[in-house]
Every structure is written in structure tokens, then in C-alpha cells.
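>>> 3D model of this:
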Amino acid sequence: MSENKENTPKIRFPGFTDAWEQRRLGELMEISSASRVHKEEWTETGVPFFRSSDVVSAFKGLENDRAFISYELFEELSNKSGKVQENDLLVTGGGSIGIPYKVRNNEPLYFKDADLIWFKNSSLINSDFLYTFLITPVFRRYVGSITHIGTISHYTIEQAKATPIMMPEIEEQKHISQFFAQLERLITLHQLKLNNAKKLKAGLLQKMFPKNGEDFPEVRFPGFIDLWEQRRLGDEVHITMGQSPNSENYTENPDDYILVQGNADMKNGKVFPRVWTTQITKQADKGDLILSVRAPVGDVGKTDFDVVLGRGVAGIKGNEFIFQLLGNMKQNGYWTKYSTGSTFESINSNDIKDAEILVPSMDEQKQIGTFFKQLDTLITLHQRKLKHLQEQKKTLLKQMFI
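Numbers count the residues shown, from 1 in each chain. As a prediction, this is how the structure comes out:
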């Protein structure tokens, strides 16, 4: 770690002491775009054709409906523009601007000229270092300050060429880029663990609760053989419909009463305090379940606090089994029938009370509830670890770049 002096970052690897040098990206590499492709020339197979949406989706680790162009058109256009090569970067110039995509191999690839800027790999700067620079707060602030034109944001080729960058010599660039690559792999690993745990729960909810028209689930704990009984939700639990306080009584003071108005006040199955109120209307107690009754209908969470219920939610006094049952109803789209043909998705007190559910004996309810609670705890641990790593990355991007 080095001293915090001018033209050096707060955190450095041992052995590097030279000041960083300011350059402009256009001095370090060739920056250009591609020959235009018309939408009617897109195909369902062939050479992958990248748009800004493809780059943004890849950056977020999401899938996107892909576009392609023919190999014949690819060869024709590449003769004019050149071919994208391994370690080149494609950077969004419109929409979510300044988002990078690193080309991993020399397989044929083409891209939309109006959407993406082509940063060609150069010996003057490490491509992974440049990729990491493009996700730093330093770059995000800079590109945000220069790209607003009227009501639309753009990042042009000329702006890209003029973009300043503080950079060390190549060897330090390699150390920095390798470090962040390892950190990103760790984040990806924990994201995968979290996704797998969520998929496991979703699959088990389908197997451990009866399917439509059946009286018992596909998978049960040993010793339980009785049919599940059909009941009305309102006969099994006490339900309190919310009533919003007057808006002039809303506050930001955590010493006042926590107000739960809807899905925005819940995160990962828990009430997440966001708004407070000095007026008590309807209430739910610590440990109660909170059901969203307005779009999106059916989201359910628990509260670790005594709360005031707004009109967008209902409070339910139910056990862990009921909590998981409501989650399964949401997953299976149970509540969607109440919004068909409506401009605003919502359910009322009778909809909730008359909801038909299947329940086993109380002993089986306890075992199912305990099992899924343990699985939820595992999911929460993965979420916390992932969030911690993501926060670490944000902090280090601030402290290892200038």
C-alpha cells in the first residue's frame, strides 16, 4: 500500500511506486465503429450481431434475444470495417452508455454501428485494465458529465477518443486487472450458488405442495400419509387489510411507526423500513406475514417489527408453513386470475379470505415450515456474502483507480 499522494491511488500492490500518467484513450488505441446493417438484414442464425442491449445483458449476466447476420454479409462489411478481434472492447454509445463488453475469442462477430463503439486492442494499454477502468466511479462520473444532449444520452466516438485516463505502467495494469478478474470470478461463483439455492427452493415448492387437482404432494417427509384437506385461507389465519395513514403524517424519522405500503417496503422476504408515520391505522405485529394486495399482487414477506399497514398490503397471522404456502401460490400464478381484464392488479379482503388452500396436519406443517426456513436461511447467507463482495468491489474500484 502506498502513500496517498498526487497521481497515485490509495491502494497499490507492493513494488509499484511510480506516479500514474494521464493520457487520452484516442492516443492509446484505434477507436471506431462498423458499417451500417439494416434491421431487415438480420437473420435467425449466422454471425452474432451485437446491439447495446446485448452488451448490457452480458454485463448483468442475463440472457437476451440474439440477432444475427449472414456470413456473406459479414464478410462484405468486414472488408470495409475490419474484423473484431480477441481482447477488443465494444462499449455502448447509447441507452445505458459506457457499458463495456470484452471480446473473448476471434470467432466472427459484428455489431450495430449506432449503438456500440469499437475499442481495438493495443499494446499501449492492457485490455482488462481498460475494461475495469470503464466500470469505475471515475469513468462513470466523467461520461455522465459529457453525454447529456437534450433528453437523450450519447457517448460518441470523438468523446471516447477524448476520454482521459490515469494509468500506470503495463506491469501494474496487469496486476490490477488480474486482481479484479479474480474478484469478479468469486462474485460470479457466489451469484451461481445463490441462483442454484433459489432454483432448488422453487423446485421443492412444486414437489412438496400438492399440484392442482391432487390431495397430497409428490415429496413428503417419512411417516406422513394422510390426504391434505381443502380449506379457505380465511378459516386458517387472521387477516388484517391495510388502511393508509394521511400522507401529511408520513415521516423519515425511525422513531415513528414503520409504514408498509407495498412491495417496495419488502426486500428478500423481509420488511425493509423505508417510510414512517405518526398515525396508526391498521397494524401488524412482529412476526406477522405481509401480503401485497396491489401490483405486484401476492408478494409475501415477514416483519421483524410492529408495523402500520398501508392499503397496498394485508397482515396475516400465520405460521412458517403458511408463509411458504403463500410463496408457492405466488410462484404458481394463483392471484393472476384476479387481474385479468383489469387495468390495475389488486385483490380485496374476500379474495384473500376465500382463497382455496390445501393443508396437512399441524405436525407435517411444522416439518415443512422448518425445512423451508432452513433453506431460506441458506439463501439469505448467499445473498449477504454476494452483497459483501459487491460492496468490496465498489470500494476497491474507488481506491485502486484515480
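
>>> what sits against Glu229?
Each residue near Glu229 by CB atoms under 8 Å, 6 or more residues apart in numbering is listed here: Leu358, Val359, Pro360. Any C-beta I mention is one placed from the backbone N, CA and C, and that applies to glycine too.

>>> ditto for Ser53
Asn64, Gly95.

>>> quick one: it from Ile99, how far?
Distance, Ser53 to Ile99, using CB to CB, to the nearest Å: 10 Å.

>>> follow-up on the earlier one: filter the contacts of Glu229 down to the buried ones, ChimeraX style.
Buried subset of the contacts of Glu229, written as a ChimeraX selection, criterion 16 or more other CB atoms under 10 Å:
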select :358,359,360
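
>>> pLDDT wise, what is the nearest residue to Glu6 once chain neighbours are set aside at?
Of all residues not flanking Glu6 in the chain, Ala19 sits nearest, at 7.4 Å (CB to CB, 6 or more residues apart in numbering). At Ala19, the predicted lDDT confidence score is 95.

>>> now do the one 4 residues further on
The confidence metric pLDDT takes the value 97 at Arg23.

>>> so what's it bridging to?
According to DSSP bridges, the partner residues bridging Arg23 are Ile165.

>>> what residues are up against it?
By CB under 8 Å, 6+ apart, the contact set of Arg23 is Pro164, Ile165, Met167.

>>> Would you format the residues you listed as a markdown table with neighbour count, pLDDT and distance to Thr277 included?
Formatted as a markdown table, those follow (neighbours: other CB atoms under 10 Å; pLDDT from 0 to 100; distance: CB to CB, whole Å):
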| residue | neighbour count | pLDDT | distance to Thr277 |
| --- | --- | --- | --- |
| Pro164 | 12 | 97 | 48 |
| Ile165 | 23 | 98 | 49 |
| Met167 | 22 | 97 | 52 |
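
>>> Tell me the pLDDT of Thr336.
Reported pLDDT at Thr336 in the predicted model: 86.

>>> wait, Phe401
Here the pLDDT value assigned to Phe401 is 97.

>>> How about the contacts made by it?
So Phe401 contacts Pro9, Thr132, Phe133, Thr136, Val138, Met166 (CB under 8 Å, 6+ apart).

>>> Surely Glu86 is in contact with Leu109?
No. Contact criterion CB atoms under 8 Å: Glu86 and Leu109 do not qualify, at 10.2 Å.

>>> Spell out, range by range, the helices that occur in the stretch 101-250 of the chain.
127-133, 137-146, 157-162, 170-208, 233-236 (DSSP state H, counting those that start in this stretch).

>>> ranking those by burial, who's on top?
With neighbours taken as mean count of other CB atoms under 10 Å, the helices of the stretch 101-250 of the chain reach their highest mean count in helix 127-133, at a mean of 22.

>>> Which strands or helices does that one pack on?
Secondary-structure packing of helix 127-133 (3 or more CB pairs under 8 Å, 6 or more residues apart in numbering; DSSP states H and E): strand 89-92, strand 100-102, strand 164-167, helix 170-208.

>>> Show me what the longest one is packed against.
Counting contacts by 3+ CB pairs under 8 Å, 6+ apart, helix 170-208 packs against helix 127-133, helix 320-331, helix 362-399.

>>> low pLDDT regions in the stretch 301-402 of the chain?
Applying pLDDT under 70 to the stretch 301-402 of the chain flags the ranges 339-344.

>>> More neighbours: which of Glu86 and Leu109?
The neighbour comparison of Glu86 against Leu109 (other CB atoms under 10 Å) goes to Leu109, with 20 against 12.

>>> Which residues are in contact with that one?
Val47, Pro48, Phe50, Val84, Val103.

>>> okay, it: pLDDT?
pLDDT recorded at Leu109 is 96.

>>> same deal with Gly150?
So Gly150 comes in at 58 (pLDDT).

>>> Residues in contact with stretch 376-383: which ones?
His190, Lys193, Leu194, Ala197, Lys198, Lys201, Asn268, Gly269.

>>> Pull out the buried residues from it.
Quick answer for stretch 376-383 (16+ other CB under 10 Å): Asp376, Ile379, His382, Gln383.

>>> which of those residues lies closest to Asn350?
Nearest to Asn350 out of these is Asp376 (CB to CB; 29.9 Å).

>>> Could you check how far the closest one is from Ile157?
Taking CB to CB, one finds Asp376 at 49 Å from Ile157.

>>> what does Leu259 give?
Noted for Leu259: a distance of 49 Å to Ile157, by CB to CB.

>>> Ignoring the adjacent residues along the chain, who's closest to Pro273?
Using CB to CB, 6+ apart, the closest residue to Pro273 is Ile258 (4.8 Å).

>>> pLDDT value on the residue nearest the centre of the chain, please?
Centrality entry for the chain: nearest residue to the mean C-alpha point is Lys60, 7.4 Å, by CA atoms, centre = their mean. Looking at Lys60, its pLDDT reads 90.

>>> check contacts around the residue nearest to Glu320 when sequence neighbours are not counted.
Sequence neighbours aside, Gly369 is the residue nearest to Glu320 in space, at 3.0 Å (criterion: CB to CB, 6+ apart). Going by CB under 8 Å, 6+ apart, Gly369 touches Asn319, Glu320, Phe321, Phe323, Gln324.

>>> Likewise for Val300?
Gly269, Leu289, Ile290, Leu291, Ser292, Phe323, Leu326, Gly327, Lys330.

>>> how about a cut-off of 10 Å?
With contact taken as CB atoms under 10 Å, 6 or more residues apart in numbering, Val300 is in contact with 263, 266, 269, 289-292, 313-314, 316, 318, 322-330.

>>> same question, Asn249
Applying CB under 10 Å, 6+ apart to Asn249 gives the contacts Asp256, Tyr257, Leu259, Trp276, Thr277, Thr278, Gln279, Ile280, Thr281, Val308.
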